[in-house]
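*Asks:* The sequence isn't on hand, but the structure is:
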């Protein structure tokens, strides 16, 4: 699947470039394609180098937690849920604890923490994989849950909205929350359908009900805050939690007579090796995305979509935010640039500006996550992972459009 998608990007980019050259007389289009390859090659190395430090640190801390028995305790608590959603993962396996911590970090918007924890979880799941180059059902479900991006604190979106002059940068908070949960629910349902997972189970329903109750309580609390207090409290809560977890790892490890420094170094070495291993996979995907963008194919798709909506008598206001939605599964930095460009063009408090912000916060960069997570363990055959991830993305975008009309229509 990855092979066909990768080739497809280049083929579509070439066709779009021919159109730009022959019809629009853009004689620089092929120069732009080549420059995109050079630019994305540089971005790939920058990403990999940037990951080395934080990835090594977090994998080092995870090794401390593993030796201290913390991962095992977390696994025991959450294993009833994951063993029903992922029956091939044994009870108490380290992957369960790693997945739990990764999803928790994503929920709190702690991107720097979530990525290394997710890579650790994927490596743990790979130890159970009988076919090392093919994704297992558990790895696919875990990846889809990551791409659906359940995030309570989309602080980056608030910051960009403030920079673009939004009167109330956090007015998209509840819409983002609704859209991202719609994305996650859709991802879970489609994977459950494909893998024939029984969701109507007492244990699964109990965990989901408890999670929803917690989410509702948090939403009620944060909705009662002013915009300034919301940003301050959410930032404080996230940073306090992450540092408290790190300190707890160290203190518990010391109590259990673990040589903390040696354990940390052992895990950090794995982080360095993983970062270097990612480069070929990132290079392939980012270069393909770069030429796709540079060819003008994205712009042609958006204009065609606008004409279609207009011909059907629909409201075309949402189309102005669709570049963010289209590029989001392909490139996180590209989608961020699209969101900022939309707010700069139409205004941060315009319908398109708000919708682009909601879309940006509602889903994750599916192909990037797939390339990083599967690439870190050498998986080449993703099976139904991409399809299920894109269904979650589509649900998030549709929900974003719906709630934007509801709140700001």
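*Replies:* That came through fine. Predicted, not measured: the structure shown is a model, and the values here were computed from it. Numbering: from 1, shown residues only.
*Asks:* What residues sit buried inside stretch 44-62?
*Replies:* Residues of stretch 44-62 classed as buried: 44, 47-48, 51-52, 54-62 (neighbour count, 16 or more other Cβ atoms under 10 Å). Any C-beta I mention is one placed from the backbone N, CA and C, and that applies to glycine too.
*Asks:* typed the wrong thing, it's stretch 129-149
*Replies:* In stretch 129-149, counting by 16+ other Cβ under 10 Å, buried: 129, 135-149.
*Asks:* and if you look at stretch 278-292?
*Replies:* Of all the residues in stretch 278-292, those buried under the rule 16+ other Cβ under 10 Å are 278-279, 281-292.
*Asks:* In this protein, which residue is most central in space?
*Replies:* Taking Cα atoms, centre = their mean, the centroid of the chain lies closest to residue 364, which sits 2.9 Å from it.
*Asks:* next one: phi and psi at it?
*Replies:* Here is the backbone geometry of residue 364 (degrees, to the nearest 10): phi -110, psi 170.
*Asks:* Next, work out how far apart it and residue 305 are.
*Replies:* Distance from residue 364 to residue 305, counting by Cβ to Cβ, to the nearest Å: 23 Å.
*Asks:* Quick one: mean pLDDT for stretch 236-252?
*Replies:* Average pLDDT, stretch 236-252: 81.
*Asks:* Determine how far that stretch lies from the middle of the whole chain.
*Replies:* 23 Å (Cα atoms, centre = their mean, to the nearest Å).
*Asks:* change the start of the numbering to 37 and stick with it
*Replies:* Renumbered: residue one is now 37, and that last one reads stretch 272-288.
*Asks:* Just the buried residues of stretch 314-328: which are in helices?
*Replies:* In helices, defined here by DSSP state H, the members of the buried residues of stretch 314-328 are 314-315, 317-328.
*Asks:* where are the low-confidence patches of the stretch 287-436 of the chain?
*Replies:* Scanning the stretch 287-436 of the chain for pLDDT under 70 picks out the ranges 369-370.
*Asks:* Can you identify each of the helices in it by residue range?
*Replies:* In the stretch 287-436 of the chain, the segments counted as helices under DSSP state H, counting those that start in this stretch are 296-330, 333-347, 358-363, 368-382, 387-398, 402-411, 421-444.
*Asks:* tell me the contacts of the closest residue to residue 388 other than its chain neighbours?
*Replies:* The shortest distance from residue 388 to any non-neighbouring residue, by Cβ to Cβ, 6 or more residues apart in numbering, is to residue 356 (3.7 Å). When contacts are counted by Cβ atoms under 8 Å, 6 or more residues apart in numbering, residue 356 is found next to 378, 381, 382, 387, 388, 391.
*Asks:* Could you dump these into CSV and include neighbour count?
*Replies:* Output for the contacts of residue 356, formatted as CSV (neighbours: other Cβ atoms under 10 Å):
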residue, neighbour count
378, 26
381, 12
382, 18
387, 18
388, 22
391, 30
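*Asks:* burial count for residue 234?
*Replies:* By other Cβ atoms under 10 Å, 10 other residues sit near residue 234.
*Asks:* Which residues does the helix or strand residue 55 falls within contact?
*Replies:* Counting by DSSP states H and E, the element that carries residue 55 is helix 38-58. Contact with helix 38-58 is made by 62-63, 65-66, 69, 320-321, 324-325, 327-328, 330-333, 336, 403, 406, 416-418, 422, as judged by Cβ under 8 Å, 6+ apart.
*Asks:* do stretch 373-383 as well
*Replies:* Outside stretch 373-383, the residues touching it (Cβ under 8 Å, 6+ apart) are 193, 196-197, 200-202, 356-357, 359-360, 363, 386, 388-389, 392-393, 395-396.
*Asks:* Need the nearest residue in space to residue 387, chain neighbours excluded.
*Replies:* Using Cβ to Cβ, 6+ apart, the closest residue to residue 387 is residue 353 (4.9 Å).
*Asks:* tally of neighbours for that neighbour?
*Replies:* Using other Cβ under 10 Å, residue 353 has 17 neighbouring residues.
*Asks:* same deal with residue 58?
*Replies:* Applying other Cβ under 10 Å, we find 10 residues neighbouring residue 58.
*Asks:* What's the separation between it and residue 47?
*Replies:* On the measure of Cβ to Cβ, residue 58 and residue 47 end up 17 Å apart.
*Asks:* picking up where we left off before, which stretch among the helices of the stretch 287-436 of the chain comes nearest residue 133?
*Replies:* helix 296-330 (14.0 Å; Cβ to Cβ).
*Asks:* The stretch 37-186 of the chain: helices as residue ranges?
*Replies:* For the stretch 37-186 of the chain, the helices defined by DSSP H, counting those that start in this stretch cover 38-58, 65-103, 106-121, 130-143, 147-162, 173-183.
*Asks:* what is the orientation angle of the third one with helix 173-183?
*Replies:* Computed by axes from the mean of the first three to the mean of the last three Cα atoms, to 10 degrees, the angle separating helix 106-121 from helix 173-183 equals 100 degrees.
*Asks:* ok so, going back, want to try CSV for the buried residues of stretch 314-328, with distance to residue 102 as columns?
*Replies:* Output for those, formatted as CSV (distance: Cβ to Cβ, whole Å):
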residue, distance to residue 102
314, 22
315, 26
317, 26
318, 27
319, 31
320, 32
321, 30
322, 32
323, 36
324, 36
325, 35
326, 38
327, 42
328, 40
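*Asks:* which one of the contacts of residue 356 sits closest to residue 298?
*Replies:* For those, the nearest to residue 298 is residue 378 (50.0 Å; Cβ to Cβ).
*Asks:* Please name the nearest non-neighbouring residue to the closest one.
*Replies:* Per Cβ to Cβ, 6+ apart, closest to residue 378 is residue 392, 4.1 Å.
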